[in-house]
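> Fold the following, please.
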Amino acid sequence: MTVTTSRQPLVSVVLPCYREAIPVLRRSLDSVLVQTYPNIEVILVVDEPGDDVKIAVLRELAESDSRIRVVVNHQNLGPWGSYNRGVQEASGEIIAIQDSDDMSAPTRIESLTRFLLANPTVGVVGSALEYRDAATGKSLMQRAYPSDPARAIRRYCPLAHPTTVRWAHLFAAHGFYDESQSIRHAADYELWCRWQVAGVRMANVSEALYTYNQSESNFKAQNVRAILRDTIRIKARYARRLRFGAGDYLWLAAETLASALPSRAVVAAFYAVNRRRSTRQTGSGGANLNSTQGVDYTQRLKQPGSRWKKVLNVQAPYRWNVRRIALGFVLDVGCGIGRNLSHLDGRGVGVDHNPHSVTEARSRGLEAYTVEEFARTEWSRPGSFDTLLCAHVLEHMGTDNARRLLLDYLPFVKARGRLIVIVPQEAGFKSDSSHVEYLDPTGLATLTDPLPVDLERVCSFPFPAWAGRWFRYNETVAVYTIRADVGLA
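Just a heads-up that it's a prediction; the model follows:
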């Protein structure tokens, strides 16, 4: 059960077509037509006006499905001209992009549209994606993108263009794709830079909602060095307005040197850099975009501590602190294997997205559920709990995803109940590669500013905050009061 809105604006999915085999195009189109989001239209922009067979097939599809509209360019416009044509023909408030040889997950449009509606300050949202070998179907890499693209845009393109969904009015306000030949291999990056300078806020969700089929014939594989060279031109154009620092200019110099390498070397470097980047953002090595969801993470949580920790009973102060602040009956979101639940002496229920961790928590005699299971329990109703505990969870996700998580579970807490957020301090944050966003006291206040909660206090535990620079187990604890206006939609 989630907090949602009943509004379902029309989403126009722009899908340019050029030289694809009909079965490949149908596969991509079908992945859009089976979306769980009901209010869509698909703008098929045919960029080969002489292909009468393909046009006839697509028009026949449009006759059988009123959601499909076929637009035929009078001459070849190229990919960016076709995207612009599709946007101009679209009727929706929201524009989604789909490439003709790729596939969308069934929930892609629903998830990203819901994100835009829940985050009105965000203009564009994308997702993670999977790179797949088009010939063998083998997964090559799962690539994560930063939750806050503004932090990364000076180094690389921070959104996967075909995954993105954005408000249609932004095109009229800030311009369409640049169709000039000088940057024709990276016009999406130029658009993001231009919109970023104009103040458009962008975001990414961590879910992999799109499959990018990599083949020797597609745009990226054919033009990898040209993409890099155009990217360098775009950076040179926007460096001042994006306020490049010394590190950004050094990165630009390295890219300039790399652009002289053979295409095969550039492709190899692309995969190596982005596998490492995704590992740093998700801690998953590319195998699983959510590093806290697999069995490996559960095994890591189960690892016995050092002997000295057992002798000194180092968990005792943390157990005392949880009991002290988490009053009443507690909903422990992100409960893991149940460490905090065990501190509550049966006065709590846990929920976690990792089924392996939930199984381990149950083996310890604790009451814990997966997200799907929790929705079917007696506890999944308004006001079931006195306190919502979110300990060492929010640092694993970006700000917007953290807000969505809290909004999903706040309604299960009584009015005037409490929200407890516990996050690691500097040394602890740096010690775990699965951490995504550092939250200091200011960040915690900003995080919850749009939520129906009031901050009571923030404190450092067990030592003063200065110790958190070196002591990895120092925590920041934030206590909030939940207002009476939280409800389930």
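
> Report the buried residues of stretch 242-260.
Leu242, Phe244, Asp248, Trp251, Leu252, Glu255, Ala258, Ser259 (16 or more other C-beta atoms under 10 Å). Every C-beta, even on glycine, is put in place using the N, C-alpha and C of the backbone.

> Next: stretch 163-172.
Within stretch 163-172, the residues that count as buried by 16+ other C-beta under 10 Å are Thr163, Thr164, Val165, Arg166, Trp167, Ala168, Leu170, Phe171.

> What of stretch 190-210?
190-196, 200-210.

> And for stretch 175-182?
Of the residues in stretch 175-182, Phe176, Tyr177, Asp178, Glu179 count as buried by neighbour count, 16+ other C-beta under 10 Å.

> Dump it to CSV, keeping only the CA atoms.
What follows is stretch 175-182, C-alpha atoms only, in CSV (Å, rounded to 0.1, in the frame of the first residue of the first chain):
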residue,chain,number,x,y,z
GLY,A,175,14.4,24.5,-26.2
PHE,A,176,14.4,21.2,-28.1
TYR,A,177,17.2,18.9,-29.1
ASP,A,178,20.0,20.6,-31.0
GLU,A,179,20.0,19.1,-34.5
SER,A,180,23.3,20.6,-35.6
GLN,A,181,25.9,18.3,-37.1
SER,A,182,28.7,19.4,-34.7
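
> can you give me how far that stretch is from the chain middle?
Taking the mean of its C-alpha atoms, stretch 175-182 sits 27 Å from the chain's own mean (C-alpha atoms, centre = their mean, to the nearest Å).

> now do stretch 444-461
Mean C-alpha position of stretch 444-461 versus that of the full chain (C-alpha atoms, centre = their mean) differs by 23 Å.

> Show the end-to-end separation of it, please.
Stretch 444-461 has an end-to-end distance of 15 Å (criterion: C-alpha to C-alpha, to the nearest Å).

> got the contact list for it?
The contact list for stretch 444-461 (C-beta atoms under 8 Å, 6 or more residues apart in numbering) reads 317-318, 321, 394, 399, 402-403, 406-407, 410, 419, 421, 423, 425, 439, 441, 467-468, 474-483, 485-486.

> tell me the mean pLDDT over that stretch?
For stretch 444-461, mean pLDDT is 88.

> tell me which residues of it are tucked away?
For stretch 444-461, the buried set under the neighbour-count rule, 16+ other C-beta under 10 Å, comprises Leu444, Leu447, Thr448, Leu451, Pro452, Val453, Leu455, Val458, Ser460, Phe461.

> pLDDT value on the closest residue to the fifth one other than its chain neighbours, please?
Beyond its immediate neighbours in the sequence, the residue positioned closest to Pro452 (C-beta to C-beta, 6 or more residues apart in numbering) is Arg483, lying 4.5 Å away. The predicted structure scores Arg483 at 85 on the pLDDT scale.

> Please apply the same query to Met103.
According to the predicted model, the pLDDT of Met103 comes to 92.

> Report the contact partners of it.
Contact partners of Met103, counting by C-beta under 8 Å, 6+ apart, are Arg27, Ser28, Ser31, Tyr210, Thr211, Asn213.

> Out of those, give me the one that has the most neighbours.
Going through the contacts of Met103 with other C-beta atoms under 10 Å as the criterion, the one with the most neighbours is Tyr210, at 24 neighbours.

> Is that residue in a helix, a strand, or coil?
Here Tyr210 takes the strand state, with states given by DSSP: H, G, I helix; E, B strand; the rest coil.

> What is the least confident helix or strand in the chain?
Ranking every helix and strand in the chain by mean pLDDT, DSSP states H and E puts helix 307-312 at the bottom, with a mean of 44.

> Which is the succeeding secondary structure element to that one?
Tracing the chain past helix 307-312, the next element assigned as helix or strand by DSSP states H and E is helix 316-325.

> Check which helices and strands that following helix is in contact with.
helix 339-343, strand 453-461, strand 475-482 (3 or more C-beta pairs under 8 Å, 6 or more residues apart in numbering; DSSP states H and E).

> Apply 6 Å and report the result again.
Taking 3 or more C-beta pairs under 6 Å, 6 or more residues apart in numbering; DSSP states H and E as the contact definition, the neighbouring helices and strands of helix 316-325 are helix 339-343.

> Which strands and helices lie in contact with the helix it packs on?
helix 316-325.

> Any buried residues in the helix it packs on, and which?
Of the residues in helix 316-325, those scored as buried under the neighbour-count criterion (16+ other C-beta under 10 Å) are Tyr318, Arg319, Asn321, Val322, Ile325.

> Nothing else from me, thank you.
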